[in-house]
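Student: next one to model:
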Amino acid sequence: MRRRLINSTLAVVLVVIAVFGVSLVIVETRTITNSAHDSVESEAQSLLGAVETKVLEKEALDPAALADQLDAGRHAVVVVPGSPDLEIGPPPEGGAIRATVRGDQGVAVTVEESRSIVTREVGRTLLVVGAVALLAVVAAVLLAVRQANRLASPLTDLAETAERLGSGDPRPRHKRYGVPELDRVADVLDASAERIGRMLTAERRLAADASHQLRTPLTALSMRLEEITVTDDLETVREEASIALNQVERLTDVVQRLLTNSRDPRTGSAVPFDVDEVVKQQVEEWRPAYRSAGRAIVRSGKQGMRAVGTPGAVAQVLAALIENSLMHGGGTVALRTRVTGNQAVIEVTDEGPGVPADLGNRIFERAISGRNSTGIGLAVARDLAEADGGRLELIQAQPPVFALFLSRTAPHRPADREPTVR
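Tutor: Numbers count the residues shown, from 1 in each chain. Modelled structure (predicted):
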């Protein structure tokens, strides 16, 4: 591309120089020739006047005096009736510019100048025109190289950006070039890079959330299945199988919630539900895991509460808090329910060392953990709580107390239209 731009610019400049340069040379040559002829003719007129004055006064013509009136290098022939022709100066060699004038007394004066003088003037003019043309060509090449670099370098950068984007590096460059068309392409590529970056982030987040959120239900389900394999009591098998089926349904709900939140984290399907039922289900589901760890999980507080939310999402939030206490806490884990104002509160606490002071509420940020864990569970739990209009907070660090706040009033929705009777 650079070569094409340079060649095209140079071609245009050469055409312009050829057209205007040749025309200028022709005009200057004619001007110099006409000027030389006019000068010779003017000198012949002047010399004729001097000769006629001498003839009228009947004085002898002095060649030396007449020669003083001629420019150096010019030749003159004076013709006076009744007298021999008088030549002044050496005759020019080669071609000559000649002018002849005649007077009233029959006197004729011819003045000649060598054409080489005109040729030298034309040569100097050609030299000047050639120098100007050469400077124009050099300036055109420099300008063409600059413009080619200005256009080609941004295109190379944009091609590299597109290649990086295609190879999975979505970082926008935010580089502009001062050319509106190229800057528009750069804007589009940066916008595409940001969109791809958000998509990749969402995909990675979904994969991390799914890995974390599915691990606990699958672990609980495998424990139920292990209990089924080691018992011969048909009633126990039926009970454990029923619980396992419920866990499969919740596992399906976990997957659905993760997919929904990956598209829009604010998408919720909040409905009034029984808080006691969700709390009881989580306590029963986690009791075998705590029993295996030599710990206990209990529930207390106000009974018969109803709140607004998605039961599956609330169960996932509580599961994340209970698992967090199992992994990082100590002693007995307690789930307490209470009412404050128009909100139902579910608290999860344990007897462990609590949250380090340097973490505080940063414990809900992704990749933030007080121990060697992923730091994803509490961040996902907060997202799930906020998706249904609730909130998850750390209200006490030592001993740790996490509180899930849920509204007890259904969110206001526009009234449905009355059905049209036909």
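Student: make it CA atoms for all contacts and neighbour counts henceforth
Tutor: Noted.
Student: host element of Ala344?
Tutor: Using DSSP states H and E, Ala344 falls within strand 343-349.
Student: strand partners of that strand, parallel vs antiparallel please.
Tutor: Applying DSSP bridges, strand 343-349 is found paired with strand 333-340 (antiparallel), strand 401-407 (antiparallel).
Student: and it, how far out from the chain middle?
Tutor: Using C-alpha atoms, centre = their mean, to the nearest Å, the mean C-alpha position of strand 343-349 is found 48 Å from that of the whole chain.
Student: would you tell me what the next helix or strand after it is?
Tutor: The first helix or strand that comes after strand 343-349 along the chain, using DSSP H and E, is helix 377-387.
Student: okay, buried residues for whatever helix or strand comes next after that following helix please.
Tutor: As assigned by DSSP H and E, the chain's next helix or strand after helix 377-387 is strand 391-396. Across strand 391-396, burial judged by 16 or more other C-alpha atoms under 10 Å covers Arg391, Leu392, Glu393, Leu394.
Student: test my guess that the last one contacts Ala403.
Tutor: Which is Leu394. Yes - using C-alpha atoms under 8 Å as the test, Leu394 is close enough to Ala403 to be in contact (6.4 Å).
Student: that older thread, so which of the buried residues of strand 391-396 is the closest to Met223?
Tutor: Leu392 (28.8 Å; C-alpha to C-alpha).
Student: state the phi and psi torsions of Leu70.
Tutor: Here is the backbone geometry of Leu70 (degrees, to the nearest 10): phi -100, psi 150.
Student: how far out from the middle of the chain is the helix ranked longest in the chain?
Tutor: Among the segments of the chain that qualify as a helix by DSSP state H, the longest is helix 2-56. Remark: helix 2-56 is offset 57 Å from the chain centroid, using C-alpha atoms, centre = their mean.
Student: which stretches of the stretch 151-300 of the chain have low pLDDT?
Tutor: Scanning the stretch 151-300 of the chain for pLDDT under 70 picks out 201-202, 204-217, 220, 250, 253-254, 257-269.
Student: where do the strands of it begin and end?
Tutor: With DSSP state E, counting those that start in this stretch, the ranges of strands along the stretch 151-300 of the chain come out as 271-274, 297-301.
Student: how big is the angle separating the last one from strand 343-349?
Tutor: In this structure, strand 297-301 runs at an angle of 150 degrees to strand 343-349, with axes from the mean of the first three to the mean of the last three C-alpha atoms, to 10 degrees as the basis.
Student: quick one: strands adjacent to strand 297-301?
Tutor: Strand 297-301 has these strand partners (DSSP bridges): strand 333-340 (parallel).
Student: for the strand it pairs with, buried residues please.
Tutor: For strand 333-340, the neighbour count (16+ other C-alpha under 10 Å) marks Val333, Ala334, Leu335, Arg336, Thr337 as buried.
Student: any chance you could list what contacts that strand?
Tutor: Here strand 333-340 makes contact (C-alpha atoms under 8 Å, 6 or more residues apart in numbering) with 279, 296-303, 322, 325, 344-351.
Student: and with 10 Å instead?
Tutor: The contact list for strand 333-340 (C-alpha atoms under 10 Å, 6 or more residues apart in numbering) reads 275-276, 279-280, 282-283, 290, 295-305, 318, 321-322, 325-326, 344-352, 401-408.
Student: show me which of those residues are buried.
Tutor: By 16+ other C-alpha under 10 Å, the contacts of strand 333-340 give 275-276, 279, 282-283, 290, 296-297, 299, 305, 318, 321-322, 325-326, 344-352, 401-408 as buried.
Student: how about a markdown table for the strands of the stretch 151-300 of the chain, with distance to Ser42 added?
Tutor: Formatted as a markdown table, the strands of the stretch 151-300 of the chain follow (distance: least, C-alpha to C-alpha, whole Å):
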| stretch | distance to Ser42 |
| --- | --- |
| strand 271-274 | 116 |
| strand 297-301 | 128 |
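Student: among the ones you listed, which is nearest Val122?
Tutor: strand 271-274 (101.1 Å).
Student: direction included, what does that closest one pair up with?
Tutor: According to DSSP bridges, strand 271-274 forms sheet pairs with strand 306-309 (antiparallel).
Student: contacts for the strand it pairs with, please.
Tutor: The contact list for strand 306-309 (C-alpha under 10 Å, 6+ apart) reads 268-277, 314, 342-345, 384-390, 405-411.
Student: state the mean pLDDT of it.
Tutor: Average pLDDT, strand 306-309: 91.
Student: send me it as PDB with only the CA atoms.
Tutor: C-alpha atoms of strand 306-309 as PDB (Å, rounded to 0.1, in the frame of the first residue of the first chain):
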ATOM      1  CA  ARG A 306     -43.400 -16.000  55.300                       C
ATOM      2  CA  ALA A 307     -41.200 -14.000  53.000                       C
ATOM      3  CA  VAL A 308     -41.000 -13.000  49.400                       C
ATOM      4  CA  GLY A 309     -38.300 -14.500  47.200                       C
END
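Student: right, and Asp388 touches Leu406 too?
Tutor: Yes - between Asp388 and Leu406 there is a contact under C-alpha atoms under 10 Å: 8.4 Å.
Student: which other helices and strands does the longest helix of the chain contact?
Tutor: Packing partners of helix 2-56 (3 or more C-alpha pairs under 10 Å, 6 or more residues apart in numbering; DSSP states H and E): helix 63-67, strand 74-79, strand 96-102, strand 108-114, helix 115-166.
Student: winner for burial among these?
Tutor: strand 108-114 (a mean of 24; mean count of other C-alpha atoms under 10 Å).
Student: that strand - contacts with which helices or strands?
Tutor: So strand 108-114, by 3+ C-alpha pairs under 10 Å, 6+ apart, packs with helix 2-56, strand 74-79, strand 86-88, strand 96-102.
Student: and it, which strands flank it?
Tutor: So strand 108-114, judged by DSSP bridges, has these partners: strand 74-79 (antiparallel), strand 96-102 (antiparallel).
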